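**Student:** Any chance you could fold what I've pasted below:
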Amino acid sequence: MPPIRALRALDIVKTAEASRPTVPAVASPLADRKLNRPIIQAIFGGRSRVFTRGDAVKLPPVMKGRSIIISKLAGAPLVALEGDKPLADDAQPEWLYRTEGQVSPWHRMAWTLDDLIFSGWSLWLLDRDEPTDEQPLGAIRHAVRCPIELWSFDEDGVLQVQLTVDEDPHPIDESMVCLIPGPAEGLLEYAERTLSGAADLEESWRKRANNPIPLVEIHATDPTDELTDDEQADTILAYQESMAGDHAIIYTPARATLIAHGSDAPNPAIEARNFSKVDVANFLGLPAASLDGSLSTASLTYSTQEGARDELADAVIGYWGQPIQQRLSQDDMVPKGQRVRYDFADLFTTTPAPTGQTTKD
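**Tutor:** Residues are numbered from 1 along each chain as shown. Coordinates of the predicted model:
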């Protein structure tokens, strides 16, 4: 298929976004790393769970980890450098600091990071000027993120993009796209067991909150006058309905008594939820304390707040920021000799500007 140069990338994304609610899901990167691919985990002899990104973001540790990563990177301006010095303001590529339409540069980067967190890949569509000697593919005028459900790799590894709702995915010229690989395959690929366990833990904790006493026996006190089967069923049902209501008050017949078995202490659940936070933090490359998790009671105490802040910033920038910086520095994105970096001046200054870092528009 010839390159699709007649369509501007900006128009492509506007069309895709407008039809997004009705676009059928398509496979995503490398076939077996699809974002919406159900993660089927056999549990207890054949019972299975379907786990998707939508399920993952409902878990508090995952949502907080996502929020931390995005808050550190999405608002940091992108700047082009030559050597060790930034280019002059009037020489900075416009696509680094502005977008057309209603999707801001912040949201472009936020959803790019979301793609990398959960699937390990993100795709930008590019609109270019005519080729020149300095930039054989043409200088980039606009760069917009392509919704991840609208593109995929086929079985031969060829990039396929679905541009409108009425057509099938098809190849697109490589000069019109920027495929950004993340630091790993994505949470839905390598953390499926942890995420599934965390979801089970959330459900178990919710049920325990509704019924804090784990097991109650309705015990007949007079062996010569036991409850009939119907009376037993009615008493059990009355107890269950009472515990499910707002006021756990029941009437017990004189010939029966309630015996609570087990402990109502929630400590095991608290400990399990804590280690769930630690596991998610490890998968995201974040300090456990940043998700309010700890390996021990002593580790909840920081040496200094500044040290904890530096550790978090180093983790986010090094693990999540570097793949994006390095990809945008390739020769198909900026001329040879130039590179793209985040500007973290406002993040590390002791007195950040109250209105945020100044950027061009």
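**Student:** Neighbours of Leu179, how many?
**Tutor:** 15 (other Cβ atoms under 10 Å). Just so you know, the C-beta spots here come from the backbone N, C-alpha and C atoms, and that holds for glycine as well.
**Student:** cool, Trp124 as well?
**Tutor:** By other Cβ under 10 Å, 23 other residues sit near Trp124.
**Student:** quick one: contacts for the closest residue to it other than its chain neighbours?
**Tutor:** Counting by Cβ to Cβ, 6 or more residues apart in numbering, Trp124 lies nearest to Cys178, which is 4.2 Å off, once chain neighbours are set aside. Contact partners of Cys178, counting by Cβ atoms under 8 Å, 6 or more residues apart in numbering, are 123-124, 126, 143, 327-328, 332-333.
**Student:** how about 7 Å then?
**Tutor:** Shown in contact with Cys178 (Cβ atoms under 7 Å, 6 or more residues apart in numbering): 124, 126, 143, 327, 333.
**Student:** and the last one, backbone torsions?
**Tutor:** It refers to Met333. When quoted as degrees, to the nearest 10, the phi and psi of Met333 stand at phi -110, psi -40.
**Student:** Next, the closest residue to it other than its chain neighbours: phi, psi?
**Tutor:** Nearest non-adjacent residue to Met333, counting by Cβ to Cβ, 6+ apart: Cys178, 6.3 Å away. For Cys178, the backbone dihedrals (degrees, to the nearest 10) come out as phi -130, psi 110.
**Student:** Please apply the same query to Pro61.
**Tutor:** As for Pro61, its main-chain torsions (degrees, to the nearest 10) stand at phi -60, psi -40.
**Student:** Test my guess that it contacts Asn274.
**Tutor:** No: applying Cβ atoms under 7 Å, one finds Pro61 not in contact with Asn274, separated by 9.9 Å.
**Student:** related to what we said a few turns ago, need the pLDDT of the residue nearest to Trp124.
**Tutor:** Turning to Cys178, the model gives it a pLDDT of 95.
**Student:** now do the one 10 residues further on
**Tutor:** According to the prediction, Leu188 has pLDDT 91.
**Student:** Then Arg5?
**Tutor:** 36.
**Student:** Any stretches of the stretch 1-150 of the chain with poor pLDDT?
**Tutor:** The stretch 1-150 of the chain contains residues with pLDDT under 70 at 1-50.
**Student:** what about the helices in it?
**Tutor:** Here the stretch 1-150 of the chain has its helices, by DSSP state H, counting those that start in this stretch, at 9-18, 53-56, 60-73, 94-97, 105-118.
**Student:** export those helices to a markdown table and tack on distance to Asp292?
**Tutor:** Converted to a markdown table, the helices of the stretch 1-150 of the chain look like this (distance: least, Cβ to Cβ, whole Å):
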| stretch | distance to Asp292 |
| --- | --- |
| helix 9-18 | 35 |
| helix 53-56 | 18 |
| helix 60-73 | 8 |
| helix 94-97 | 34 |
| helix 105-118 | 19 |
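**Student:** Please tell me how far Ser204 sits from Ala272.
**Tutor:** Between Ser204 and Ala272 the computed distance is 8 Å (Cβ to Cβ, to the nearest Å).
**Student:** Over to Ala199?
**Tutor:** 13 Å.
**Student:** Neighbour count: the two, which is higher?
**Tutor:** More crowded of Ala199 and Ala272, by other Cβ under 10 Å: Ala199, with 18 against 15.
**Student:** May I see the buried residues of the host helix or strand of the more buried one?
**Tutor:** According to DSSP states H and E, Ala199 maps onto helix 192-210. Under the neighbour-count criterion of 16 or more other Cβ atoms under 10 Å, helix 192-210 has 192, 194-199, 201 buried.
**Student:** neighbouring contacts of the next helix or strand after it?
**Tutor:** Using DSSP H and E, the helix or strand that follows helix 192-210 in sequence is strand 215-220. Contact partners of strand 215-220, identified using Cβ under 7 Å, 6+ apart, comprise 226-227, 235-236, 239, 255-262.
**Student:** and the helices of the stretch 1-150 of the chain as JSON lines, adding distance to Ser290 and mean neighbour count?
**Tutor:** JSON lines is the format used below for the helices of the stretch 1-150 of the chain (distance: least, Cβ to Cβ, whole Å; neighbours: other Cβ atoms under 10 Å):
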{"stretch": "helix 9-18", "distance to Ser290": "33", "mean neighbour count": "18"}
{"stretch": "helix 53-56", "distance to Ser290": "18", "mean neighbour count": "17"}
{"stretch": "helix 60-73", "distance to Ser290": "6", "mean neighbour count": "20"}
{"stretch": "helix 94-97", "distance to Ser290": "28", "mean neighbour count": "19"}
{"stretch": "helix 105-118", "distance to Ser290": "15", "mean neighbour count": "20"}
